[in-house]
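Asks: Okay, structure incoming, though there's no sequence with it:
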């Protein structure tokens, strides 16, 4: 999944929607110099080889046009820099929780069927439904085929979007949607839970006539459950996320707070992790990770094996944690505890500088983009350990200052006593 339509609307820097198709640029280098028309002819041949009928290709042909505005949007997309409490406060707002609960009542039969067939709780489905499109209110306004084929011709992710274009043609061929019904977000996702065409083709189910994820809530519910269960490997009957608090902050091993580390709940209990109301964790061996999206001063959660479905749906840690948290709220959990004081966040330019310093120090941070993804957080933790700072993976002004100092005076900085 890319950024959802609802999420993109809430975080985008205000790109205007492309109004009309535009001429293709000079021949793209990744297609051996072939112009768009030549590329499109080859793509149609690939689609036919993949089993798409000539009828479906002919129906889609008027929509298979290049739009430079889509490519510009793809290259210009920015990831927001909000902290988790700010983002989740808006995206997991009470109205979304209430609307999710209302949808579960309204479509009780479809939710019950989906849970029976796939093992995915209604709250989990409803949370994605709300975050991705506000329950169908905001699915995007752009012609899907135009978006897909434009991104397929562009060299940034050509093979991926060529495959997505062929999947969209298969959806037409199967009779699920007509080309003119295919309206969605700029990156080609379709429907009320914003499926890419490959996910639509592979996981859409028919709960009411034809597989229609744009206007059939029942199909949305069943298809989303199918994707979560079989595409994202959801474990039936297991939790996904629970808020906790650390009661032994003074001597807690913060380096253990990492999605890559799983300990039994009994071990977390021994370390001083409790439920927010002070009740003890179960004394069992269910593995969980301690997730602290804003470091040791922010909210804390136990993330279970099913949380991997959220990071697979969208690899943004802030989005996936918000989606998991909203699902707990829809399921009846109380609001999370807010930090007692504001959690300081480095500004974008300083986060980028920190990433650059980490790269110079030999760490792989992924993209140097001012966004703290998992690789950047892992590198931050390693450097915190090196400097003797609390290793909670949260980038701080102190860490940046130490790294600036170590760049100027490597030996002196490394020899500073731990605080």
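Replies: Okay, I see it. This one's a predicted model, so the numbers in the text were calculated from it and none came from an experiment.

Asks: For residue 324, see how far away the residue nearest the centre of the chain is.
Replies: Geometric centre of the chain, nearest residue: residue 314, 1.8 Å, by CA atoms, centre = their mean. To residue 324, residue 314 is 11 Å away according to CB to CB, to the nearest Å. Any C-beta I mention is one placed from the backbone N, CA and C, and that applies to glycine too.

Asks: In the helix or strand hosting residue 75, which residues are buried?
Replies: Applying DSSP states H and E as the criterion places residue 75 in helix 68-76. Residues of helix 68-76 classed as buried by neighbour count (16 or more other CB atoms under 10 Å): 69-74.

Asks: list the helices and strands that helix packs on?
Replies: Where contact means 3 or more CB pairs under 8 Å, 6 or more residues apart in numbering; DSSP states H and E, helix 68-76 is packed against helix 144-153.

Asks: redo that, cut-off 10 Å
Replies: strand 142-143, helix 144-153 (3 or more CB pairs under 10 Å, 6 or more residues apart in numbering; DSSP states H and E).

Asks: Please work out which of those is packed deepest.
Replies: Sort those by mean neighbour count, taking mean count of other CB atoms under 10 Å, and helix 144-153 sits at the top with a mean of 27.

Asks: next one: phi and psi at residue 244?
Replies: phi -140, psi 180 (degrees, to the nearest 10).

Asks: Quick one: residues contacting it.
Replies: Residues counted as contacts of residue 244 (CB atoms under 10 Å, 6 or more residues apart in numbering) are 265, 268-269, 273-276, 281, 288, 290-292, 299-302, 337.

Asks: Go again with 7 Å.
Replies: Shown in contact with residue 244 (CB atoms under 7 Å, 6 or more residues apart in numbering): 273-276, 300-302.

Asks: Mind putting those residues into TSV with pLDDT?
Replies: Shown next, in TSV, are the contacts of residue 244 (pLDDT from 0 to 100):
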residue	pLDDT
273	97
274	97
275	97
276	96
300	97
301	98
302	98
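
Asks: Among those, which lie within strands?
Replies: 273-274, 300-302 (DSSP state E).

Asks: can you redo those residues as CSV with neighbour count?
Replies: Below are the ones in strands among the contacts of residue 244 laid out as CSV (neighbours: other CB atoms under 10 Å):
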residue, neighbour count
273, 24
274, 16
300, 21
301, 23
302, 23
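
Asks: And the residues you listed, which two are furthest apart?
Replies: Spanning the widest gap among the ones in strands among the contacts of residue 244 are 274 and 301, at 12.8 Å by CB to CB.

Asks: tell me the angle the single longest helix found in the chain makes with helix 68-76.
Replies: Longest helix in the chain by number of residues (criterion: DSSP state H): helix 158-174. If you take axes from the mean of the first three to the mean of the last three CA atoms, to 10 degrees, helix 158-174 sits at 130 degrees to helix 68-76.

Asks: The very next helix or strand once past helix 158-174 pairs with which strands?
Replies: Remark: after helix 158-174, the chain's next helix or strand is strand 183-184, criterion DSSP H and E. Within its sheet, strand 183-184 is paired with strand 142-143 (antiparallel), according to DSSP bridges.

Asks: Centre of the chain to the strand it pairs with, how far?
Replies: Relative to its chain's centre, strand 142-143 lies at 22 Å (CA atoms, centre = their mean, to the nearest Å).

Asks: cool, stretch 299-318 as well?
Replies: For stretch 299-318, the separation from the chain centroid amounts to 9 Å (computed by CA atoms, centre = their mean).

Asks: Quick one: end-to-end length of it, please.
Replies: Start and end residues of stretch 299-318 are separated by 12 Å (CA to CA, to the nearest Å).

Asks: ok so, going back, would CSV of the contacts of residue 244 with distance to residue 205 be doable?
Replies: Below are these laid out as CSV (distance: CB to CB, whole Å):
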residue, distance to residue 205
273, 39
274, 41
275, 37
276, 37
300, 37
301, 31
302, 32
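
Asks: which one of those is nearest residue 174?
Replies: For these, the nearest to residue 174 is residue 301 (39.9 Å; CB to CB).

Asks: quick one: contacts for that closest one?
Replies: If you count contacts by CB under 7 Å, 6+ apart, residue 301 has them with 241-244, 291.

Asks: which stretches of the stretch 1-150 of the chain have low pLDDT?
Replies: Filtered on pLDDT under 70, the stretch 1-150 of the chain yields the residue ranges 1-28, 77-81.

Asks: just checking, residue 266 touches residue 287?
Replies: No. Checked against CB atoms under 7 Å, the pair residue 266 and residue 287 is beyond contact range at 10.5 Å.

Asks: so how many other residues sit close to the closest residue to residue 167 other than its chain neighbours?
Replies: Nearest residue to residue 167, sequence neighbours excluded (CB to CB, 6 or more residues apart in numbering): residue 197, at 3.7 Å. Residues near residue 197, counting by other CB atoms under 10 Å, number 28.

Asks: now the helix holding residue 75: how far from the chain's centre is it?
Replies: A distance of 20 Å separates the centroid of the chain from that of helix 68-76, by CA atoms, centre = their mean.

Asks: can you check stretch 33-41 too?
Replies: Its chain's C-alpha centre and that of stretch 33-41 lie 33 Å apart, by CA atoms, centre = their mean.

Asks: ok so, going back, in the longest helix of the chain, what counts as buried?
Replies: Buried-residue list, helix 158-174, by 16+ other CB under 10 Å: 158, 161-173.

Asks: can you check stretch 278-292 too?
Replies: For stretch 278-292, by 16+ other CB under 10 Å, it's 281, 286, 288-292.

Asks: now swap in stretch 243-260 and tell me
Replies: So, applying 16+ other CB under 10 Å, buried residues of stretch 243-260: 243-246, 252, 254, 256-259.

Asks: And these, which is closest to residue 62?
Replies: Within these, distances to residue 62 taken as CB to CB reach their minimum at residue 259, with 45.9 Å.

Asks: what separates that closest one from residue 122, distance-wise?
Replies: 26 Å.

Asks: got a pLDDT number for residue 184?
Replies: Looking at residue 184, its pLDDT is 97.

Asks: Dig out what it forms beta bridges with.
Replies: On the basis of DSSP bridges, residue 184 is bridged to residue 142.

Asks: wait, what's in contact with residue 278?
Replies: Going by CB under 7 Å, 6+ apart, residue 278 touches no other residue.

Asks: same check, this time on residue 216
Replies: Contacts of residue 216 (CB under 7 Å, 6+ apart): 207-208.

Asks: What of the one 5 residues further on?
Replies: Contacts were defined as CB under 7 Å, 6+ apart; by that measure residue 221 touches 107, 110-111, 114, 125.
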